[in-house]
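Asker: dropping a prediction and its sequence here:
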Amino acid sequence: MDIDGSKLICICNKNWFEMDDIVTNILSRLPVKSITLCNSVSKDWYRLISSPPFIKAQLIRSKEKPIYIVYPHMYFIPNIYFMEGNGEIIDGIPLPACRNFSSLSMIGSFNGLICLINFASPLDMTEVSDLDILMCNPAIQEVLVLPNGSPSIEDPSIGVAFGPGINEYKVFRFFYTACELKVKHLECEVYSSVTELWRRMESVGLCPMDSTHVFVNGRVYWFISSEKHPVPVSILSVDVDENFREIRLPDEFSENSFLIDLDGCLSLVVVHDEDNKKMSIWVLKDCDESIWEKKCSDYIPIDAIECVDSIAARKNEIFFITSAHYLVFNVDCKTWTELDIAGTFEENFPIAFAFTESLLPFQVIGPLVLREKIPVRKQEDLECCLVSFLLTTWRLICAIYILGD
């Protein structure tokens, strides 16, 4: 008998199960916080939960039900929040391992890993600018601090491409070096999680506006601005094989636009501030020819003076964060839902990303990986974990017998 792709085995109707497979089938359905508690139950469970097959099985299940990760601007010890699409806050998690990094900004999220950067203060052309780049799995409290890149006379632009392995990634870093007569020269380098090193690339010739980007189907996408004004004029794209491409924007465009991953497709949300907050959603159909298709249009139900500060998407819904409201737009039904979560966070104007909980560890096991000391689990914590395990087991057994009948 095969349920949800597992290797759950029933032989001759004797209800004999391959133990690791049945435990994997059950534990992989639990939240990561509960799974980490299960590490303390026995050595066998610890071995199973740490194994690559279990980590992959948990990630596959978690991808079926993505949530949002929301954070305020991080000035001191950061707190991040996991939130359902209806506004329910599942959990709030501090990241004490990041306490030595101020003014952190989250710029990416994929497979449970998030990327944080720490911008330095504005510098003039005579100084060198750099920033810290952190890869983090908040669910298991692991933070990897990347080695410093090449010196730059301006704040670098960052983008993260994930793959081809389940926990492999590349970080692209665009930076400027000083030439004669104070002329700046654009360069690009890439960090690989496999080699754990930065490597300079051939000249790209184009530079993203900033580190705001989206990763969709193996490619990273940024806006490119004009030389004179910080207004998007096209899109820069690169894949994990380091192939760059420039993509034209659709004719209908505004300065207040956002790149998102809408149900597995690169999409563009265009907000027209001058037209009573009308917004349009465009989907890229052909990146080689820059062909876009308009999916829908609607008016955002907010006041004319409000600004759309951030947008995130999961599956077929888009989460709008404005200066005064939190709204969810269902693309299929074309309906708006306002979330009553104002005052939930330490500060207004948080940023959100779609998020998938995972147990993915970092490949590097060394001084650059910061981990919080895991406290000794209280007895009541283990009891709650076991109760959750037994309830899930009972539901699964009932489902097996129903299917067997």
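Answerer: Structure received.

Asker: going by C-alpha atoms from here, please, whenever you check contacts or count neighbours.
Answerer: OK.

Asker: pairing partners for the helix or strand hosting Ile80, with directions?
Answerer: For Ile80, the host element (DSSP states H and E) is strand 79-83. Paired strands of strand 79-83, with direction, are strand 67-71 (antiparallel), strand 89-94 (antiparallel) (DSSP bridges).

Asker: between these, which gets nearest to Val171?
Answerer: Nearest of the strands paired with strand 79-83 to Val171, taken as C-alpha to C-alpha: strand 67-71 at 20.8 Å.

Asker: residues making contact with the closest one?
Answerer: The contact list for strand 67-71, computed with C-alpha atoms under 8 Å, 6 or more residues apart in numbering, reads 79-85, 314, 345, 350-356.

Asker: could I have that strand exported to CSV, CA atoms only?
Answerer: These are the backbone C-alpha positions of strand 67-71, laid out as CSV (Å, rounded to 0.1, in the frame of the first residue of the first chain):
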residue,chain,number,x,y,z
ILE,A,67,3.0,29.8,4.8
TYR,A,68,4.3,33.4,5.1
ILE,A,69,7.4,34.5,7.0
VAL,A,70,7.0,38.1,8.2
TYR,A,71,9.5,40.3,9.8
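
Asker: would you mark the buried spots in it?
Answerer: By 16 or more other C-alpha atoms under 10 Å, the buried positions in strand 67-71 come out as Ile67, Tyr68, Ile69, Val70, Tyr71.

Asker: with stretch 51-66 instead?
Answerer: Phe54, Ile55, Lys56, Ala57, Gln58, Leu59, Arg61, Ser62, Pro66.

Asker: what does stretch 173-191 give?
Answerer: Across stretch 173-191, burial judged by 16+ other C-alpha under 10 Å covers 173-178, 184, 186-191.

Asker: one more: stretch 145-165?
Answerer: Going by neighbour count (16+ other C-alpha under 10 Å), the buried part of stretch 145-165 is 145-146, 149-163.

Asker: host element of the residue nearest the centre of the chain?
Answerer: Nearest to the mean C-alpha position of the chain, by C-alpha atoms, centre = their mean, lies Ser109 at 1.1 Å. Under the criterion of DSSP H and E, Ser109 resides in strand 104-110.

Asker: check which element follows that strand along the chain.
Answerer: strand 113-118.

Asker: what are the pairing partners of that following strand, and which direction each?
Answerer: Taking DSSP bridges as the criterion, strand 113-118 sits next to strand 104-110 (antiparallel), strand 132-137 (antiparallel) in its sheet.

Asker: ok, and what's touching that strand?
Answerer: Residues from elsewhere that reach strand 113-118 (C-alpha under 8 Å, 6+ apart): 101-109, 131-138, 160, 358, 360.

Asker: may I see the PyMOL selection of the buried members of the residues you listed?
Answerer: This is the PyMOL syntax for the buried subset of these, where burial follows 16+ other C-alpha under 10 Å:
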select buried, resi 101+102+103+104+105+106+107+108+109+131+132+133+134+135+136+137+138+160+358+360
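
Asker: for the stretch 151-300 of the chain, give me the ranges with low pLDDT.
Answerer: Residues of the stretch 151-300 of the chain that meet the criterion pLDDT under 70 lie in 180-182.

Asker: where along it do the strands fall?
Answerer: Secondary structure of the stretch 151-300 of the chain (DSSP state E, counting those that start in this stretch): strands at 157-162, 169-178, 184-192, 197-200, 208-216, 219-225, 232-239, 244-248, 257-262, 265-272, 278-286, 291-299.

Asker: and those strands, which is most packed in?
Answerer: Across those, averaging neighbours per residue (mean count of other C-alpha atoms under 10 Å) puts strand 157-162 on top, at a mean of 25.

Asker: CA atoms only: put that one into PDB for me.
Answerer: In PDB, the C-alpha atoms belonging to strand 157-162 read as follows (Å, rounded to 0.1, in the frame of the first residue of the first chain):
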ATOM      1  CA  SER A 157      23.500  44.200  -4.900                       C
ATOM      2  CA  ILE A 158      22.800  40.600  -3.900                       C
ATOM      3  CA  GLY A 159      20.700  37.800  -5.400                       C
ATOM      4  CA  VAL A 160      20.500  34.100  -4.400                       C
ATOM      5  CA  ALA A 161      19.900  31.200  -6.800                       C
ATOM      6  CA  PHE A 162      19.000  27.800  -5.200                       C
END
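
Asker: picking that back up, can you give me the buried ones in the strand holding Ile80?
Answerer: For strand 79-83, by 16+ other C-alpha under 10 Å, it's Asn79, Ile80, Tyr81, Phe82, Met83.

Asker: I'd assumed Leu95 was in contact with the first one.
Answerer: Yes: taking C-alpha atoms under 8 Å as the contact criterion, Asn79 and Leu95 are neighbours in contact, 6.3 Å apart.

Asker: quick one: the residue lying closest to Ser226 once chain neighbours are set aside and Thr24, what's the gap?
Answerer: Leaving aside its sequence neighbours, Ser226 sits nearest to Val233 (C-alpha to C-alpha, 6 or more residues apart in numbering; 6.2 Å). Separation of Val233 from Thr24 (C-alpha to C-alpha, to the nearest Å): 49 Å.

Asker: quick one on the thing from earlier: now tabulate the strands paired with strand 113-118 in TSV and tack on distance to Leu206 and mean pLDDT.
Answerer: Formatted as TSV, the strands paired with strand 113-118 follow (distance: least, C-alpha to C-alpha, whole Å; pLDDT from 0 to 100):
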stretch	distance to Leu206	mean pLDDT
strand 104-110	20	89
strand 132-137	22	90
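
Asker: for the ones you listed, please prepare JSON lines with the additional fields distance to Phe329.
Answerer: Compiled in JSON lines, those are given as follows (distance: least, C-alpha to C-alpha, whole Å):
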{"stretch": "strand 104-110", "distance to Phe329": "21"}
{"stretch": "strand 132-137", "distance to Phe329": "28"}
